[in-house]
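Q: quick one, fold the following:
(one chain, ligands or ions: 1)
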Amino acid sequence: MANVTACIDTATKQIAGALGLEKREARLEAQILASCALKVNRAWLIAHDQDVLTPTQADAVEALIARREQGEPVAYILGEKEFYGRLFRITPDVLIPRPETELLVEAALERLPKDRPAQVLDLGTGSGCVAVTLALERPDCEVSAVDMSITALEIARENAALLGAGHVRFIVSDWYAQLAPMNFDMIISNPPYIASDDPHLGKGDLRHEPLHALASGPAGMDAISTIVAGAQARLQPGGWLILEHGYDQAAACYDLICLAGLGQVFTLSDLAGQTRVTGGQWPGRR
Ligand SMILES: C[S@@+](CC[C@H](N)C(=O)[O-])C[C@H]1O[C@@H](n2cnc3c(N)ncnc32)[C@H](O)[C@@H]1O
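A: Predicted structure coming up:
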């Protein structure tokens with residue numbers, strides 16, 4: 001019979017060996033997965049390190065470790081991922097929210113008018129992490145969230161209900177195509193932006209995520225081009241378009257946004273120093 005320490009040590013070796021992770025990262029994953037299987041927190045694992053696991057408990061841990069060894073992302077195994085300090089429910093129907101996307105949220109919060117409610121459109125909402133976060137941070141704003149995936153919208157709706165953002169409007173649409181005629185103070189999007197032949201799509205966590213959430217044409221720019229091209233017709237005077245993009249797409253996004261007639265164009269870098277978010281403002285005042 002193995003105790004908690006032995007179980008975590010074995011799981012760490014299994015994960016590190018199968019996925020080629022550093023020991024520290026593999027141990028963290030082993031602890032997170034063991035916590036989930038045993039329905040305890042990580043502090044409990046440390047406090048009870050000499051406790052002997054029952055066969056049922058050991059089997060429960062081993063089942064989750066085996067899934068991770070096969071490469072399944074930790075967030076899909078847990079069924080949740082933290083974003084902007086809140087836990088979002090996640091299934092393989094939606095992209096796993098990324099820490100970089102918090103920069104998109106921060107860029108939006110800085111630019112939303114402070115003195116009045118605003119209409120916000122989140123294009124490609126997936127789990128709803130961006131739309132729900134904005135709705136909770138700015139409850140006075142009206143947030144509409146679009147996705148072409150009905151299953152993703154079901155998850156997003158569930159997250160909105162669980163987190164208390166019941167006022168977000170969810171719409172099935174191919175970008176702007178099925179939207180009712182209405183204009184927004186802000187259009188925000190983390191669209192798919194990876195080139196469709198990028199070999200990374202077949203590796204790591206990416207191979208488990210929905211392809212339509214990741215890949216967008218030969219240069220990864222198809223969705224971004226469509227969103228920029230349609231923004232002018234959907235923005236209020238003074239409204240902002242803010243996009244997340246790949247580390248090497250800032251210049252292309254910047255040019256597209258300028259060519260579309262937007263001003264105050266800006267690019268922001270993430271904590272790793274990679275350019276991640278580019279946006280611009282439709283001229284005029286509301
Ligand atoms: C990169 S994911 C972003 C998900 C979420 N906003 C986030 O940041 O984690 C892109 C999303 O765009 C959606 N999408 C792809 N093509 C679309 C289209 N033509 N119209 C609407 N949504 C689309 C995908 O289903 C996916 O949920």
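Q: starting at the chain centroid, how far to the worst-scoring helix or strand of the chain on mean pLDDT?
A: None of the helices or strands of the chain scores lower by mean pLDDT, DSSP states H and E than helix 42-47, at a mean of 92. Its chain's C-alpha centre lies 29 Å from the corresponding centre of helix 42-47 when counted by C-alpha atoms, centre = their mean, to the nearest Å.
Q: how is the chain divided into domains?
A: Structural domains annotated on the chain: 4-71, 93-281, as defined by automatic domain parsing.
Q: now render those domains as JSON lines, adding mean neighbour count and distance to Ile77.
A: Every residue, glycine included, has its C-beta placed from N, CA and C. Formatted as JSON lines, these follow (neighbours: other C-beta atoms under 10 Å; distance: least, C-beta to C-beta, whole Å):
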{"stretch": "domain 4-71", "mean neighbour count": "16", "distance to Ile77": "5"}
{"stretch": "domain 93-281", "mean neighbour count": "19", "distance to Ile77": "10"}
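Q: which residues of the stretch 51-200 of the chain fall in strands?
A: Under the criterion DSSP state E, counting those that start in this stretch, strands of the stretch 51-200 of the chain are mapped to 80-83, 86-89, 119-123, 142-147, 169-172, 184-189.
Q: so what's Glu69 up against?
A: Glu69 makes contacts with Gln14, Ile15, Ala18, Leu19, as judged by C-beta atoms under 8 Å, 6 or more residues apart in numbering.
Q: now with 6 Å, please.
A: Glu69 sits next to Gln14, Ala18 when contact means C-beta atoms under 6 Å, 6 or more residues apart in numbering.
Q: then Phe266?
A: Phe266 touches Gly279, counting by C-beta under 6 Å, 6+ apart.
Q: what sits opposite it in the beta ladder?
A: Note on Phe266: beta-bridge partners by DSSP bridges are Gly279.
Q: next: Met186.
A: Going by DSSP bridges, Met186 forms beta bridges with Val120, Trp240.
Q: that one reaches Gly238, doesn't it?
A: No: under the criterion of C-beta atoms under 6 Å, Met186 makes no contact with Gly238, lying 10.0 Å away.
Q: which residues are in contact with each of these two?
A: With the criterion set as C-beta under 6 Å, 6+ apart, the contacts of Met186 and Gly238 do not overlap.
Q: quick check: residues of the chain near the ligand?
A: 95, 97, 101, 124-127, 129-130, 146-149, 152, 174-175, 190-192, 212-213, 223 (C-beta under 6 Å from any ligand atom).
Q: of all residues in the protein, which one is nearest the centre?
A: Relative to the mean C-alpha position of the chain, the nearest C-alpha, by C-alpha atoms, centre = their mean, is the one of Pro97, at 2.2 Å.
Q: mind checking pLDDT for that one?
A: In this model, Pro97 is scored at 98, pLDDT.
Q: cool, Arg286 as well?
A: For Arg286, pLDDT reads 67.
Q: could you say what helices and strands the least confident helix or strand of the chain packs with?
A: Applying 3 or more C-beta pairs under 6 Å, 6 or more residues apart in numbering; DSSP states H and E, one finds that helix 42-47 makes contact with helix 23-38.
Q: what does the helix it packs on contact?
A: Contacts of helix 23-38 (C-beta under 6 Å, 6+ apart): 8, 11-12, 15-16, 41-42, 45, 57, 60-61, 64, 74, 78.
Q: can I get it in PDB, CA atoms only?
A: Taking Å, rounded to 0.1, in the frame of the first residue of the first chain, the C-alpha atoms of helix 23-38 are listed here in PDB:
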ATOM      1  CA  LYS A  23      10.400  17.400 -12.600                       C
ATOM      2  CA  ARG A  24       9.000  20.500 -10.800                       C
ATOM      3  CA  GLU A  25       6.200  21.000 -13.400                       C
ATOM      4  CA  ALA A  26       5.400  17.300 -13.400                       C
ATOM      5  CA  ARG A  27       5.200  17.300  -9.600                       C
ATOM      6  CA  LEU A  28       2.800  20.200  -9.600                       C
ATOM      7  CA  GLU A  29       0.600  18.500 -12.100                       C
ATOM      8  CA  ALA A  30       0.700  15.200 -10.100                       C
ATOM      9  CA  GLN A  31      -0.300  17.100  -7.000                       C
ATOM     10  CA  ILE A  32      -3.100  19.000  -8.800                       C
ATOM     11  CA  LEU A  33      -4.500  15.700 -10.300                       C
ATOM     12  CA  ALA A  34      -4.200  13.800  -7.000                       C
ATOM     13  CA  SER A  35      -6.000  16.600  -5.200                       C
ATOM     14  CA  CYS A  36      -8.800  16.400  -7.800                       C
ATOM     15  CA  ALA A  37      -9.000  12.500  -7.600                       C
ATOM     16  CA  LEU A  38      -9.000  12.500  -3.800                       C
END
